[in-house]
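**Q** Give me a model of this one.
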Amino acid sequence: MSHEHRPDRRLRVAALLLLAFSVALIRSIDTLLILTAFSGAAAVIAVIYKSISLTALIKRIFVINFFVFWIWVTIPIDWPTPRISPEGVALALELTLRINVIALSGSVLLVHMSGIDFARAIVALGFPQTLGTLLALSLRSIALLENTRARLEQAMRARAYRASFSIRTIRVSAQLVASLIVHALVRGERIRLGMMARGYTTLRWPTRQHSHWHALPLSEWAAFFTVIAALAIALILPRL
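**A** Residues are numbered from 1 along each chain as shown. Predicted coordinates for the structure are as follows:
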């Protein structure tokens, strides 16, 4: 299926943006806990219906919470004393819940969406076309760099390289990062030349003719209003 004929997912992107904006403003721990529960339940349902791979979901959440771990190391602890700061604990908990809500919701709402699909949805929501182009190229470049990194690491293992706590490991890791930077520059230039050869300009990015709002599938509307309902319940329930 070409990108021109893939489903229009602008409502899912709109729902995720609305959720992310709301979560960033919410300060109530109870509300964030409810939203986290809703997001986790949606992710479990998606795994049961095989929309999302359980392994990929666990790996994504693990990587995200690895960085969350450093939030708990740095924010709640007053290192000069050292002592635990209640305000720091509350802030770290807020950040943890916010990050996990957005990560779980994004995994569900953006499932099966490529970088071009996401960029088209952004443009359809009224954002500048140049922003959609930038997102599409950035996501594509990230995927290419990830493939390059995997091939370089495979070549290193084939030459009996094993990471260890040593100066050699630091030196080889620095060389790997330098190689990735060089590959990024070369690939970026090749992509630019290829797009210019095809008559690319930021004002003529090939967007499809977007469907009218009333013509969007009922499943997309259902996902959008489900997010709104979850937000409403999470805001009202703690006050009851």
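
**Q** Just name the shakiest helix or strand of the protein by mean pLDDT.
**A** strand 77-78 (a mean of 77; mean pLDDT, DSSP states H and E).

**Q** those strands in the protein, which residues are they?
**A** Taking DSSP state E as the test, the strands found in the chain are 77-78, 83-84.

**Q** what's the most buried one of the ones you listed?
**A** strand 77-78 (a mean of 14; mean count of other C-beta atoms under 10 Å). Yep, even glycine has a C-beta here, placed from its N, CA and C like the rest.

**Q** mind checking which of the strands of the chain is nearest residue 198?
**A** Closest of the strands of the chain to residue 198 is strand 77-78, at 54.0 Å (criterion: C-beta to C-beta).

**Q** what packs against the closest one?
**A** Counting by 3 or more C-beta pairs under 8 Å, 6 or more residues apart in numbering; DSSP states H and E, the packing neighbours recorded for strand 77-78 are strand 83-84.

**Q** What number of residues are in the vicinity of residue 185?
**A** 10 (other C-beta atoms under 10 Å).

**Q** if we can go back for a sec, parallel or antiparallel, list what pairs with the least confident helix or strand of the chain.
**A** Its sheet considered, strand 77-78 pairs with strand 83-84 (antiparallel) by DSSP bridges.

**Q** so where's this structure uncertain?
**A** 1-7, 195, 199-211 (pLDDT under 70).

**Q** And for it, the residue most distant from the center?
**A** Distance from the centre of the chain peaks at residue 81, with 36.8 Å (C-alpha atoms, centre = their mean).

**Q** Is it correct that residue 93 is in contact with residue 28?
**A** No. If you go by C-beta atoms under 8 Å, residue 93 and residue 28 don't touch, sitting 11.4 Å apart.

**Q** the more surrounded of these two?
**A** Comparing residue 93 with residue 28 by other C-beta under 10 Å, the one with more neighbours is residue 93, at 17 against 14.

**Q** Next, work out how far apart that one and residue 30 are.
**A** For residue 93, the distance to residue 30 equals 11 Å [C-beta to C-beta, to the nearest Å].

**Q** Quick check: buried residues in stretch 37-51?
**A** 38, 39, 40, 42, 43, 46, 47 (16 or more other C-beta atoms under 10 Å).

**Q** Next up, the contacts around residue 75.
**A** Going by C-beta atoms under 8 Å, 6 or more residues apart in numbering, residue 75 touches 88, 91, 92, 95.

**Q** residues near the third one, how many?
**A** When you say that, I think you mean residue 92. Applying other C-beta under 10 Å, we find 19 residues neighbouring residue 92.

**Q** Spit out the contact partners of it.
**A** Counting by C-beta under 8 Å, 6+ apart, residue 92 touches 71, 72, 75, 76.

**Q** let's go with 10 Å and repeat that
**A** Contacts for residue 92 were tallied using C-beta atoms under 10 Å, 6 or more residues apart in numbering; they are 68, 71, 72, 73, 74, 75, 76, 77, 85.

**Q** ok, so of those, who is nearest residue 102?
**A** Nearest to residue 102 among the contacts of residue 92: residue 68, at 11.8 Å, using C-beta to C-beta.

**Q** ok, residue 109 - how many residues close by?
**A** Applying other C-beta under 10 Å, we find 24 residues neighbouring residue 109.

**Q** Next: residue 57.
**A** Number of residues near residue 57 (other C-beta under 10 Å) recorded here: 19.

**Q** Now do the contacts for it.
**A** By C-beta under 10 Å, 6+ apart, the neighbours of residue 57 are 43, 44, 46, 47, 103, 104, 107, 108, 111.
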